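S.K.: could you work out the structure for the sequence below:
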Amino acid sequence: ILSSKEFPYVFKDIYTLLNNYYLIKYKPKDCPSKHYIDLNLDLILNGSPQLKGYATYDKSILNDLDLPGKIVMLNIEFDLGSYNVKEGSMPQLNDIAKSLKNNKKLRILISGHTDDIGTDEANLKLSEQRANQVKELLISMGIDGNRIETKGYGESKPIVPNDSDENRKKNRRTEFEVIK
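M.R.: Modelled structure (predicted):
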């Protein structure tokens, strides 16, 4: 622009150009997996009768854009002193299995944890059993066991202090970490 008198003409050009763009907002449905969208607009622009758009949303718990080191904490519950997964935790395990099926390149580490009740040795063994039990359940859902590593940490990594029954329940958990 050489003079301020040209501003109205420049802004008119910008405004005219912007009229050829459309912003479409779409909220994907709630689903714990990939969601595909095909969009067809019947518009006549410059002799073109139709515009098409495509999008993919990956709402999986884990997906192929996750970098190594990402940790997902799910509420996989165990009874006190047990490595059997509670039935209420199965939907979350199903979601993890779907994520791994949708993203074949992912490898994960399942780490098991306990509260502070019991000896250090017993808790370490129990945490290993919890991680292995979750791995076995994922294998039974069709996931290749070579994509899953396990490790038990016992009571060494609490997420909250072990000072109440509610907090101890939170520390009896498994975590899922992307390793590749």
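S.K.: what are the buried residues along the helix or strand containing Asp95?
M.R.: Element membership for Asp95, per DSSP states H and E: helix 90-102. Judged by neighbour count using 16 or more other C-beta atoms under 10 Å, the buried positions of helix 90-102 are Gln92, Leu93, Asp95, Ile96, Ala97, Lys98, Ser99, Leu100, Asn102. For the C-beta atoms, the positions are set from N, CA and C on the backbone; glycine is no exception.
S.K.: ok, the residue nearest to the spatial centre of the chain - contacts?
M.R.: Taking C-alpha atoms, centre = their mean, the centroid of the chain lies closest to Ile61, which sits 2.2 Å from it. The neighbourhood of Ile61, defined by C-beta atoms under 8 Å, 6 or more residues apart in numbering, consists of Pro32, Val72, Leu74, Asp95, Ile96, Ser99, Phe176.
S.K.: got it, and Val178?
M.R.: Contacts of Val178 by C-beta under 8 Å, 6+ apart are Leu62, Asp66, Leu67, Pro68, Gly69, Lys70, Ile71, Leu106, Arg107, Ile108.
S.K.: got any ranges where this structure has weak pLDDT?
M.R.: Of all residues in the chain, those with pLDDT under 70 make up the ranges 1, 15-24, 26, 28-35, 41-51, 57-60, 63-67.
S.K.: helices or strands up against the longest helix seen in it?
M.R.: Longest helix in the chain by number of residues, with DSSP state H as the criterion: helix 120-140. Taking 3 or more C-beta pairs under 8 Å, 6 or more residues apart in numbering; DSSP states H and E as contact, the helices and strands that helix 120-140 lies on are helix 90-102, strand 108-112, strand 148-152, strand 174-178.
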